[in-house]
Every structure is written in C-alpha cells, then in structure tokens.
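Enquirer: Next comes the sequence, and after it the predicted model I'd like to discuss.
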Amino acid sequence: MADLTQDAVRDALKGLLLPDGRPLVGSGRIAGLGIAGARVNLTISTTAAEAPALAALRDEAEALLRDLPGVSHAFVVLTAEGPKAPEPPALGRAPAKADPLAQVRHVIAVASGKGGVGKSTTAVNLALALRAAGLSVGIMDADVHGPSLPTLLGLHGKPHAAGRKLVPMRAYGLHAMSMGLMVDAETAMVWRGPMVMSAITQMMADVDWGALDVLVVDMPPGTGDAQLALAQGTRLSGAVIVSTPQDLSLIDARRGIAMFRKVDVPILGLVENMSHFVCPDCGGDHAIFGQGGAEAEAGRLGVPFLGAVPLTMELRAASDAGQPVMARDPEGSLGRIYQQMARSVMAGLNDRTRAGQSPRHPQEIQG
Ligand SMILES: Nc1ncnc2c1ncn2[C@@H]1O[C@H](COP(=O)(O)OP(=O)(O)OP(=O)(O)O)[C@@H](O)[C@H]1O
C-alpha cells in the first residue's frame, strides 16, 4: 500500500469549513500535521472562546482521517492560538524544538477519570517513595484548576528564576513545581481545554528540571482534550491511574485507561485509593464499597494492580499539614504500600526500557 502523505491528508479534509465559512485547509489553522506509519495527528489552532464551536469540526476531521486508506489511528486536537501555543510533537518524529525535558529519563502521569479520588495524594506519596528508593525525582502539578501540590508539600512563596528558566522548589528531596505557584488562580479560572494544554506545555518548558530519573506529573482530573493532548505531547513513559472502589469511579478509570491507550501510553498500573476505612477509634477495617473491585477491574483490563490505599484520618491529616505520610512515616503501614507501588512502577518502566520502548532514555533506572 502507498505511504500516507501530507497531501492525501489535506485532500481528505478539503470539504471541511470553519464556523466563518472558510475552508479549513488553506486557512492557516492547521498548526500541526504528523504522520507516523498508519497514525495521523492533526492540531487545529483556535481560541478558548471559539473552541466549543470547533468541536464538531474536530470530530468530523477525525472521522474523515480514520476512513482514509492506510490510516489505523487518527487523532485531532484543538490547541490555543498564538505564539505561546506549542504544537504537540507528532508521534514517531523528533520534536521541532529542543526537548526541555531532555535530561529526564521518564515522565510518568498520575491521572484519574474524575476529580477528588486522591490523585494528588497518590502522586506525591509515589514520588516520595521513588525518591526513597534512591532515584532523583521531580513532581509537577499540572492540575491548573485545583493545584494541590503547594498544600501537600507545604510549599510557600514563588519559585526563583535563573536566567530565563524557573528553578523548581525543593521539598522532602523532591524537585517540585506547581501551576498554583506560577499563575494566579483567577487567571487559570478562565482557561478552557486548549488553553490549559498550552499553559501546561509552556510550564514544562519554562522550568529547569535538570537531570531526573523520574518526573511525576499530577494530571488535571478527567479525560478531556487537555488531558489527551498532554498525554500525547509529553512523550510519557507510562501512566498510573487512581480510582476509588465504587463502580462509578471505576467507569471513569476505564475511560482514563482508554485515553492513554489511544495515544499509545502504557498503563503502569491501577491504584485503588480510599479502598477501605480504617476506624481511628476501634482500629477496625471496614470495606464500605466492597473489596477487590479495582483489583478485579485491573485484571479484566490487563493492567497491573499497584495497591490498595485505605481511607485513614492519618493520611488526610498528614496531607493537610504539608507532611505527606511517605515523608512522615515511610516505614509505617501506609508508607510500605507506597514503597511497594514505587517498586512496581520502577519494574514497569524498566520492562519498557528492556523492550526498547522507552521514549526518552535507553538505560534502566536503579533504585
Ligand atoms: N486514602 C485517603 N485517606 C484519607 N483521605 C484521603 C485519602 N486520599 C485522599 N484523601 C483526601 O481527599 C482529598 C482529595 O484528595 P486529592 O486532592 O489527592 O484528590 P485529587 O483526585 O487530586 O483531587 P482533585 O481532583 O481536586 O485534584 C484530600 O483532602 C486528601 O487529603
């Protein structure tokens, strides 16, 4: 079969019209077009205000590309207009600009299908457990609408600049940066999907992360365009999905897993948070939502199960005080759960490296 060409892709999109009636092709709105084998990635530039009106066009473009002979996967995203909006690198091709994370061996995402399930708590304690295993670790809070890293790690003040880059803050041996430290809450409030994506990618590039074994990205909750574009544009080594045991939350977890699979990011595993309630008075274990749901779901989906973290006063109080349990009591029962999680994540990353599939670095990490 003939190789897929940029012309063939543009040809397929010829009939599509922008909301103002102009054809999409030739309008200058195609901000990126990448072809990697049978995969096509297309980026259409927009503004936050216009983005909702372009959603149908995006879907139509995706359907047209999917029907094109020789295409197995088509992925179309809307991205914020303007010089600051970077084009997500196309799969399988070197990014046009120097990679700001060139010295970072692995970037992993901690994600959840919906908010409030303990994604940030998991991200911080997992990062600390990876650090405790001897790795150099950074953590970035990409949750622009609800950044919790400053609270969880007790970070205060603004990050300093060195030259044109920001220096990550330090907490408990981690290099840390949060959207909450870089932009004020009111500015971030008005951002919608494409703007969020653009701002996060910019933030990645503005920080001097230096050499790290692992950068943990606390993703914005959900499975919308911003998350999808971020997953695609960051050359992730893998993703950890956090869920609570209720069926409804597991449906969201399934969506999260499907989203990462869509852009070929391997799932490092599923974490069940708030798995059972440990009563502070009687010390009893109460499986409020039943037991083993997430583990069974992980089995069904063919992803590793990384552990069950109980709902405890200790964990919440430690987080609120800016002293995560993994820093406060790494050898306690909760600390040991996170240490096991970190070992499984490292094993998953090294498996990928051994299979020659590590997107950033050819060497295994050693704890
Ligand atoms: N296992 C747990 N036991 C007790 N409290 C927990 C546990 N996990 C998380 N929490 C608490 O639940 C709240 C939400 O947790 P967290 O901020 O980690 O969730 P999230 O999924 O990142 O939320 P968001 O969607 O707002 O980013 C916090 O107050 C946190 O301290």
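Expert: Done, it's in. All figures in this text were calculated on a predicted structure; none of them were measured in a lab.
Enquirer: So which bits of the longest strand that the chain contains are buried?
Expert: Looking across the chain with DSSP state E, the single longest strand is strand 267-278. Across strand 267-278, burial judged by 16 or more other C-beta atoms under 10 Å covers Ile267, Leu268, Gly269, Leu270, Val271, Glu272, Asn273, Met274, Ser275, His276, Phe277, Val278. No exception for glycine: its C-beta is placed from N, CA and C like everyone else's.
Enquirer: pretty sure the fourth one contacts Thr244?
Expert: No - with contact taken as C-beta atoms under 8 Å, Leu270 and Thr244 are classed as non-touching, separated by 11.4 Å.
Enquirer: sorry, back to before: the next helix-or-strand element following the longest strand of the chain packs against which elements?
Expert: Next in sequence after strand 267-278, counting helices and strands by DSSP states H and E, comes strand 285-286. When contacts are defined as 3 or more C-beta pairs under 8 Å, 6 or more residues apart in numbering; DSSP states H and E, strand 285-286 sits against strand 267-278.
Enquirer: Could you list which of the buried residues of strand 267-278 also contact the ligand?
Expert: Among the buried residues of strand 267-278, the residues lying close to the ligand (C-beta under 6 Å from any ligand atom) are Asn273, Met274.
Enquirer: farthest residue from the center of the protein?
Expert: Cys282 (38.3 Å; C-alpha atoms, centre = their mean).
Enquirer: Just the pLDDT at that residue, thanks.
Expert: Note for Cys282: predicted pLDDT of 80.
Enquirer: How about the residues of the stretch 151-300 of the chain by the ligand?
Expert: Neighbours of the ligand within the stretch 151-300 of the chain, by C-beta under 6 Å from any ligand atom: Pro221, Asn273, Met274.
Enquirer: possible to save these as a markdown table with pLDDT?
Expert: Listed next are those as a markdown table, based on pLDDT from 0 to 100:
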| residue | pLDDT |
| --- | --- |
| Pro221 | 83 |
| Asn273 | 93 |
| Met274 | 88 |
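Enquirer: between those residues, which is closest to His160?
Expert: Using C-beta to C-beta, Pro221 comes nearest to His160 of those, at 29.3 Å.
Enquirer: Just give the number of residues close to that closest one.
Expert: 22 (other C-beta atoms under 10 Å).
Enquirer: In contact with it, which residues?
Expert: Ala111, Ser112, Gly113, Lys114, Gly115, Gly116, Val117, Lys119, Asp143, Gly146 (C-beta atoms under 8 Å, 6 or more residues apart in numbering).
Enquirer: could you measure the closest residue to Lys158 other than its chain neighbours against the ligand, distance?
Expert: Distances taken as C-beta to C-beta, 6 or more residues apart in numbering put Leu181 closest to Lys158, at 6.2 Å, once the chain neighbours are dropped. When distance is defined by C-beta to the nearest ligand atom, to the nearest Å, Leu181 is 16 Å away from the ligand.
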